[in-house]
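Asker: Kindly generate the corresponding structure for this input.
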Amino acid sequence: MKKILVIGSTVVDVIVKLDHMPSRAEDVNVDSQESSLGGCAFNVSEIIRHHGVPYTLFSPVGSGIYGEHVRGQLTARGIMTPLVDLGIGDNGCCYCFVERDGERTFICHHGAEYLFKKEWFDALPEEYGYAYICGLEIEDKTGSVIVDFLEKHPEIQVCFAPGPRINYIDKALMERIFALKPIIHLNETEVCSFTGVTSGDSDESAIGAAAGELYKKTGNLVIVTHGSKGSYAFDGQTLHYAKPVPCEKVVDTIGAGDSHCGTCLAGLAAGKPIDEVLADANRIASLVVGSKGAALPEA
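Answerer: Numbering: from 1, shown residues only. Next comes the predicted model:
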């Protein structure tokens, strides 16, 4: 079983539940507010942990009230990240607004958790089979440092989950990432938007066409989630499909994509076939959508 290096952010999610997102100048009351640990890298690493696959969370932890909260929560969970107490500034947070139907809207305050230095990667003592990266860190000002490290280690299979930031990342940097032949994980809106393929509500052919266009750039697996309609993976020849796993009640959609990606990574690192990987990922994403926040309920 190959070990996974999870590169990216750990933040405090400030979860605000309300009836609907207010329009400009509107005055609304919230139903509740609470905080939990989040961030794409942390969410992905937690899912990998649940699957029993070895991993390292490579996530900078800053100072300030949010940094203290992150540090305390990681310690309480027995999670070690080598990037703590670095004197690099305050940790940020993510305001997660959850409407009545469970849909979420993020407003993020980026801090030290998105900044990386070359010497941190040089000090990594272990070898890895896979590495996870997210679009947010790559788009930030030290994103090229992450790519520099991955270019020096072609033995590491990269899994890139750029999310909606795929359309905003520097094109030259994107070409460098594509040259690494990464596995790509996106939703149907993101993959169609990036490739210019017109998407439809249940248009499997559009997803296949968009995944095919992206495959031409990477030569590797393209995984596409389609919300409550299931998920797909294109391997250059076959468009694999896994049916959705219904969720009895949608609590919120925070972390749904991260949980799907983390399960895919864990399955691939364990050597599972892609059809089984997709089915597992749909099941885990359904569990996360049916629970509060991005975490998977403990067994």
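Asker: switch to C-alpha atoms for all contacts and neighbour counts from now on
Answerer: OK.
Asker: List the buried residues in stretch 41-60.
Answerer: 41-49, 53-60 (16 or more other CA atoms under 10 Å).
Asker: now do stretch 18-29
Answerer: Those would be 18, 21, for stretch 18-29 by 16+ other CA under 10 Å.
Asker: residue contacts, V245?
Answerer: By CA atoms under 8 Å, 6 or more residues apart in numbering, V245 lies in contact with 228, 230, 282-283, 286.
Asker: at 6 Å what do you get?
Answerer: By CA atoms under 6 Å, 6 or more residues apart in numbering, the contact set of V245 is R283.
Asker: measure it to F234 for me?
Answerer: Distance, V245 to F234, by CA to CA, to the nearest Å: 20 Å.
Asker: ok, now D122?
Answerer: Distance from D122 to F234, by CA to CA: 34 Å.
Asker: And the strand or helix carrying A131, what does it pack against?
Answerer: Per DSSP states H and E: A131 is located in strand 130-134. On a contact count with 3 or more CA pairs under 6 Å, 6 or more residues apart in numbering; DSSP states H and E, strand 130-134 meets strand 4-7, strand 157-161.
Asker: repeat that with 10 Å
Answerer: In terms of contacts (3 or more CA pairs under 10 Å, 6 or more residues apart in numbering; DSSP states H and E), strand 130-134 is packed against strand 4-7, helix 40-50, strand 55-58, helix 143-151, strand 157-161, helix 256-269.
Asker: Tell me which of these sits nearest to C94.
Answerer: helix 40-50 (10.8 Å; CA to CA).
Asker: Please name the nearest non-neighbouring residue to K243.
Answerer: Leaving aside its sequence neighbours, K243 sits nearest to G230 (CA to CA, 6 or more residues apart in numbering; 4.7 Å).
Asker: so that neighbour sits right up against I207, yeah?
Answerer: No. Contact criterion CA atoms under 10 Å: G230 and I207 do not qualify, at 11.8 Å.
Asker: which residues are in contact with both of these two?
Answerer: Contact criterion CA atoms under 10 Å, 6 or more residues apart in numbering; residues bridging G230 and I207 by contacting each: V224.
Asker: Tell me which of the two has more neighbours.
Answerer: I207 (28 against 19; other CA atoms under 10 Å).
Asker: what's the distance between that one and I284?
Answerer: For I207 relative to I284 (CA to CA), the value is 22 Å.
Asker: where in the stretch 51-200 of the chain is pLDDT low?
Answerer: The model of the stretch 51-200 of the chain has pLDDT under 70 over residues 84-86, 199-200.
Asker: And the strands in it?
Answerer: 55-58, 93-98, 104-109, 130-134, 157-161, 183-187 (DSSP state E, counting those that start in this stretch).
Asker: Kind regards, and thank you for your time.
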